[in-house]
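Peer 1: build me a structure from this.
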Amino acid sequence: MKWIIPIVLLMIVASLGSALYYMMKDRGNSSRMVHSLMLRIGLSLALFIGILLAHYFGLIEATGIKVGTN
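Peer 2: Below is the predicted model:
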């Protein structure tokens, strides 16, 4: 899990960068930007669900920071 999370985050940023590139290059004449943004949303959801499952199965643990206590 140490390597999977940063790799997926880099893939999300790369997808966002490719959407920006397609937006500037195509000037709205193709759907490549939309597909790139859809890929980014899919990767983000997969990462979130993966983190939840990894926590559920004990692959990662909470940091122990208490929220809302003084």
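Peer 1: and Ile60, how many residues sit next to it?
Peer 2: 16 (other C-beta atoms under 10 Å). Backbone N, C-alpha and C define where each C-beta goes, glycine included.
Peer 1: look up the closest residue to the residue sitting nearest the centre point of the chain, ignoring the ones flanking it.
Peer 2: Centroid-nearest residue in the chain, with C-alpha atoms, centre = their mean: Ser44, separated by 3.1 Å. Closest residue to Ser44 apart from its sequence neighbours, by C-beta to C-beta, 6 or more residues apart in numbering: Ile12 at 5.9 Å.
Peer 1: list the residues that contact that neighbour.
Peer 2: By C-beta atoms under 8 Å, 6 or more residues apart in numbering, the residues touching Ile12 are 40, 43-44, 47.
Peer 1: just the pLDDT for Ile4.
Peer 2: Listed pLDDT for Ile4 reads 90.
Peer 1: number of nearby residues for it?
Peer 2: Ile4 - counted by other C-beta under 10 Å - has 13 other residues nearby.
Peer 1: doesn't Gly50 make contact with it?
Peer 2: Yes - counting by C-beta atoms under 8 Å, Ile4 touches Gly50, with 7.3 Å between them.
Peer 1: quick one: contacts of the helix or strand where Phe48 lies?
Peer 2: Using DSSP states H and E, Phe48 maps to helix 32-56. With C-beta under 8 Å, 6+ apart as the test, helix 32-56 has contacts from 1, 4-5, 8-9, 11-12, 15-16, 18-19, 22-23, 26, 60-62.
Peer 1: which of the residues you listed are buried?
Peer 2: Using 16 or more other C-beta atoms under 10 Å as the burial test, the contacts of helix 32-56 include 8, 11-12, 15-16, 18-19, 22, 60 as buried.
Peer 1: now these in TSV, with pLDDT, distance to Arg32 and secondary structure?
Peer 2: Formatted as TSV, the buried ones among the contacts of helix 32-56 follow (pLDDT from 0 to 100; distance: C-beta to C-beta, whole Å; DSSP: H, G, I helix; E, B strand; the rest coil):
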residue	pLDDT	distance to Arg32	secondary structure
Val8	93	21	helix
Met11	95	17	helix
Ile12	94	17	helix
Ser15	93	11	helix
Leu16	92	13	helix
Ser18	92	8	helix
Ala19	89	8	helix
Tyr22	88	4	helix
Ile60	85	35	coil
